[in-house]
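>>> Task: produce atomic coordinates for the following.
(chains A and B)
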Amino acid sequence: MDNQENKKVGVTGWIDKRLPVFTFINHNLRDYPTPKNLNYFWNFGSLAGITLVIMIVTGILLAMQYTANTDIAFDSVERIMRDVNNGWLLRYIHMNGASMFFIIVYIHMFRGLYYGSYKYPREILWMLGVVILLLMMATAFMGYVLPWGQMSFWGATVITNLFSAFPVIGDYIVTFLWGGFSVDNPTLSRFFVLHYLLPFAIVGVVALHLVALHQFGSNNPTGVDVKSSGDTIPFHPYYTVKDYFGLGVFLIVYAALVFFAPNFLGHPDNYIPANPLQTPAHIVPEWYFLPFYAILRAVPDKLTGVLLMFAAVLVLFLLPWLDKHKVRSATFRPFYKQFYWLFFINCIVLGWVGAMPAEGVYVLIARIASVYYFSFFLIIMPLLSRFEKVSELLPSSISAAVLSKKFDKDVNESYAK
Amino acid sequence: MKVMQSKLHNFILLVTILFPLSVFSAGPKTELMEQKWPFNGIFGRFDNTALQRGFKVYREVCAACHGIRHVSYRDLKDIGFSSDEIKSIAGEYEITDGPNDEGEMFQREALPSDKFVGPYENDNVARVANNGAYPPDLSLIVKARAGGADYLYSLLNGYKEFPEDYEASDGMYYNTFYPGNQIAMPSPIEDDIVEYDDGTEATHTQIAKDVTAFLAWTAEPELEERKSLGVKTIFFLILITIMLLGVKRKIWKDLD
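Numbering: from 1, shown residues only, chains lettered A, B, ... in the order given. All right, here's what the predicted structure looks like:
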């Protein structure tokens, strides 16, 4: 950015001339111009990155002690919990880290959905995010299989069996995934290998996600483009310190879970060693899959259910073309905002109903919620893009929005006096 | 409009928090007999005298059918046994080892470093001896059941006669808290089935309580360390987060 400043002397200068790492850091972490009005929902991107690092570090350490063999996988995890120094801490950080990762990424996505962060020119940024989500889901699913408890085994059986719904090739796919004719040792060892591999693929896509982000910079709560340098502030120190503070709050919540309720989000059955001869009463996936699981079970036909479940994630790829409304931020779209919050509640209802047995009134609720899930994207969004008027409240620039907010606050305060 | 909006936000917040909670509370239908365990709560600790009594119950009653294969004899140090006591406890068990230099398997006394020797050679023997029902390993039982320690305590106190028009299967017993109510294990404890060394009166409920506490320890031997480290960690994190908030405010001040 500032060429004068980047002309370093000494060792750093020597290195930077040949390998411009310091210039790169300067550009992307220091001077990087960032809208000055970002709220705390913009903390979740960096939190997701930090959680990914925590997961990879604890995961590598755990892999040094874990054994991917059906005879001893369960016992090797118990050995980590009891005999490996601080093994219980590593495992609980990793196990709950998966849940925290999904919480963060879901909030990050709902933020993007609210402020229209997927719209022009950030379409590829958004789509890379969806790729990350898909990779995370695959990684988390395979990770849950590794302890080889009852839910590991039966979860793996149920989910891999979904592929058998495809006509003709279905059974072949399932046999191919299993590496045999049931979930067994070959399945476990390939899941372990892939569980170790995919996080590095995630790191790669995250790098692309950041490149795409820095091309146009962050969106902001007004959704209005950056118009002048007055609209932005340098990333450091303003957003570095804000991210640190957010990280502190996040770690408090995370630590509370790890130290005081490490199994709260898990299922007790996973402390029973896998037994292919005994099916648990209710097979429930981890909480972060529940909304999709609810959509799967809402449909009586297996193949349609499977396709809809995948479609529920894949539809996100189309988002930039489904919502073509000019205004990005829901703050200035009163109608979209109502449907957005309804969609948010709907997702939570889907998650809840996904944990309930698929019978009676729950099936009905799951069906209604599934219909709304898809209608929101495929009907409401395109209709609103056409018919929702551009609000006159839309500020002309970020600075104008910040100023008018400050003005309102000052007026209110003087009234209060 | 502003008021309405904040109400809407509160409602959404409430729904967000309560819905997931209802997922987890949808557990067993029968109310468990909830106890105030000393190991509950953020400052929770095990009561070693209770754990030692519970260990005695395990050894004299439960161990006839149930193993605790994830626990080593040396682990007993954590609940207050001395090295000599552990050596003599381990010495009461026989273990098959080998092959030795002659290629023979041989029997030897268990060492503190060995895992607890279970009552059966293998799962099939266990089934044959128990009318086809497999007595599960108890090391993780408290973690492996919804309701945890409260569930186990309730189960041990939940035996009743079969209700009148109940179609009972052969060799099964009635328990209020067991899923489906028919359990293959007869009520394992009764008043004075063990004699406590510390003079505690060995009532049915006392025995149930002690053995449950012992099995809570076998399930989570790291609990005390975890909770005390947790208190320190969170105290530190809160402190540093408050400081970071101060720094953040100071840095952002010059933007106003």
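>>> which SS state does A:Pro276 fall under?
coil (DSSP: H, G, I helix; E, B strand; the rest coil).
>>> Alongside chain B, which residues does the stretch 201-350 of chain A contribute?
For the stretch 201-350 of chain A, the contact set with chain B under Cβ under 8 Å from any Cβ of the partner chain comprises A:233, A:237-238, A:241-242, A:244-245, A:248-249, A:251-252, A:255-256, A:258-260, A:262-264, A:268-269, A:271-272, A:281, A:287, A:290, A:341, A:344-345, A:348-349. C-beta here means a position set from N, CA and C on the backbone, and glycine is covered the same way.
>>> one more time with 7 Å, if that's ok
A:233, A:237-238, A:241-242, A:244-245, A:248-249, A:251-252, A:255-256, A:259-260, A:263, A:268-269, A:271-272, A:341, A:344-345, A:348 (Cβ under 7 Å from any Cβ of the partner chain).
>>> Show me those residues that map onto helices.
A:237-238, A:241-242, A:244-245, A:248-249, A:251-252, A:255-256, A:259-260, A:341, A:344-345, A:348 (DSSP state H).
>>> which of the residues of the stretch 201-350 of chain A next to chain B count as buried?
A:233, A:238, A:241-242, A:244-245, A:248-249, A:251-252, A:255-256, A:259-260, A:263, A:268-269, A:271-272, A:341, A:344-345, A:348 (16 or more other Cβ atoms under 10 Å in any protein chain shown).
>>> in which helix or strand would I find A:Gly204?
Element membership of A:Gly204, judged by DSSP states H and E, is helix A:185-216.
>>> and that helix, what does it pack onto?
helix A:44-63, helix A:123-145 (3 or more Cβ pairs under 7 Å, 6 or more residues apart in numbering or on different chains; DSSP states H and E).
>>> what's the burial count for the closest residue to B:Ser72 other than its chain neighbours?
With Cβ to Cβ, 6 or more residues apart in numbering or on different chains as the criterion, B:Ser72 has its nearest non-adjacent residue at 5.3 Å, and that residue is B:Lys115. With neighbours defined by other Cβ atoms under 10 Å in any protein chain shown, the count for B:Lys115 comes to 18.
>>> From B:Pro136, how far out is whatever residue of the stretch 201-350 of chain A ends up closest to chain B?
Per Cβ to the nearest Cβ, A:Phe259 is where the stretch 201-350 of chain A lies closest to chain B, at 2.5 Å. Taking Cβ to Cβ, to the nearest Å as the measure, A:Phe259 and B:Pro136 are separated by 28 Å.
>>> Distance across stretch A:162-181, terminal residue to terminal residue?
15 Å (Cα to Cα, to the nearest Å).
>>> How about that stretch, which residues are buried there?
In terms of neighbour count (16+ other Cβ under 10 Å), stretch A:162-181 has its buried residues at A:Leu162, A:Phe163, A:Ser164, A:Ala165, A:Phe166, A:Gly170, A:Val174, A:Leu177, A:Trp178.
>>> Can you tell me which of those residues end up in helices?
Per DSSP H, the buried residues of stretch A:162-181 map to helices at A:Gly170, A:Val174, A:Leu177, A:Trp178.
>>> Dump the residues you listed into TSV; add distance to A:Thr70 as well.
Formatted as TSV, these follow (distance: Cβ to Cβ, whole Å):
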residue	distance to A:Thr70
A:Gly170	25
A:Val174	18
A:Leu177	16
A:Trp178	12
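>>> Out of the residues you listed, which comes closest to chain B?
A:Trp178 (24.6 Å).
>>> ok, that closest one - contacts?
A:Thr160, A:Asp184, A:Pro186, A:Thr187 (Cβ atoms under 7 Å, 6 or more residues apart in numbering or on different chains).
>>> From those, list the buried ones, please.
A:Thr160, A:Thr187.
>>> Just put the contacts of A:Trp178 in CSV and tack on pLDDT and distance to A:Leu197.
Shown next, in CSV, are these (pLDDT from 0 to 100; distance: Cβ to Cβ, whole Å):
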residue, pLDDT, distance to A:Leu197
A:Thr160, 95, 18
A:Asp184, 97, 21
A:Pro186, 97, 16
A:Thr187, 97, 16
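>>> which one among the contacts of A:Trp178 gets closest to A:Ala48?
A:Thr160 (27.6 Å; Cβ to Cβ).
>>> pretty sure the closest one contacts A:Ile173?
No: counting by Cβ atoms under 7 Å, A:Thr160 stays clear of A:Ile173, with 8.8 Å between them.
>>> Quick check: the spatially most central residue of chain A vs chain B, distance?
The centroid of chain A falls nearest to A:Val105 when counting by Cα atoms, centre = their mean (2.6 Å). Distance, A:Val105 to chain B, using Cβ to the nearest Cβ, to the nearest Å: 16 Å.
>>> Give the residue spans of the stretch 1-150 of chain A that score low on pLDDT.
Within the stretch 1-150 of chain A, the segments meeting pLDDT under 70 span A:1-7.
>>> Within range of chain B, give me the residues from it.
So far as Cβ under 7 Å from any Cβ goes, the stretch 1-150 of chain A lies against chain B at A:Lys36, A:Glu78, A:Met81, A:Arg82, A:Trp88.
>>> Around the nearest residue in space to the residue of the stretch 201-350 of chain A closest to chain B that is not next to it in sequence, how many other residues sit close by?
Among residues not flanking A:Phe259 along the chain, B:Gly230 sits closest, at 2.5 Å (Cβ to Cβ, 6+ apart). Per other Cβ under 10 Å, the neighbour tally for B:Gly230 reads 20.
>>> Could I get the contacting residues of B:Gly230?
A:Ala255, A:Phe259, A:Phe260, B:Ile42 are the contacts of B:Gly230 under Cβ under 7 Å, 6+ apart.
>>> do A:Val258 as well
A:Tyr92, A:Ile93, A:Asn96.
>>> quick one: which of those residues is nearest chain B?
So of the contacts of A:Val258, ranked by how close each gets to chain B (Cβ to the nearest Cβ), first place is A:Tyr92, at 7.7 Å.
>>> Now do the same contact list for that closest one.
Going by Cβ under 7 Å, 6+ apart, A:Tyr92 touches A:Val258, A:Pro262.
>>> Nearest to chain A: which residue in the stretch 1-150 of chain B?
B:Ala144 (3.8 Å).
>>> Quick check: closest non-adjacent residue to that residue.
Here the residue nearest B:Ala144, using Cβ to Cβ, 6+ apart, is A:Tyr271, at 3.8 Å.
>>> Verify the contact between A:Ala312 and A:Tyr373 for me.
Yes: proximity of A:Ala312 to A:Tyr373 meets the contact threshold set by Cβ under 7 Å, at 6.4 Å.
>>> For these two, indicate the residue with more neighbours.
More crowded of A:Ala312 and A:Tyr373, by other Cβ under 10 Å: A:Tyr373, with 24 against 19.
>>> Figure out the helix or strand that that one lives in.
Assigned by DSSP H and E, A:Tyr373 falls within helix A:361-375.
>>> Restrict that helix to CA atoms and write it as PDB.
Taking Å, rounded to 0.1, in the frame of the first residue of the first chain, the C-alpha atoms of helix A:361-375 are listed here in PDB:
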ATOM      1  CA  VAL A 361     -46.600 -34.800  14.600                       C
ATOM      2  CA  TYR A 362     -42.800 -34.600  14.200                       C
ATOM      3  CA  VAL A 363     -43.100 -35.800  10.700                       C
ATOM      4  CA  LEU A 364     -45.600 -33.100   9.900                       C
ATOM      5  CA  ILE A 365     -43.500 -30.400  11.500                       C
ATOM      6  CA  ALA A 366     -40.400 -31.700   9.600                       C
ATOM      7  CA  ARG A 367     -42.400 -31.500   6.300                       C
ATOM      8  CA  ILE A 368     -43.600 -28.000   6.800                       C
ATOM      9  CA  ALA A 369     -40.200 -26.800   7.900                       C
ATOM     10  CA  SER A 370     -38.500 -28.500   4.900                       C
ATOM     11  CA  VAL A 371     -41.000 -26.900   2.500                       C
ATOM     12  CA  TYR A 372     -40.200 -23.400   4.000                       C
ATOM     13  CA  TYR A 373     -36.500 -24.100   3.900                       C
ATOM     14  CA  PHE A 374     -36.600 -24.600   0.100                       C
ATOM     15  CA  SER A 375     -39.300 -22.000  -0.500                       C
END
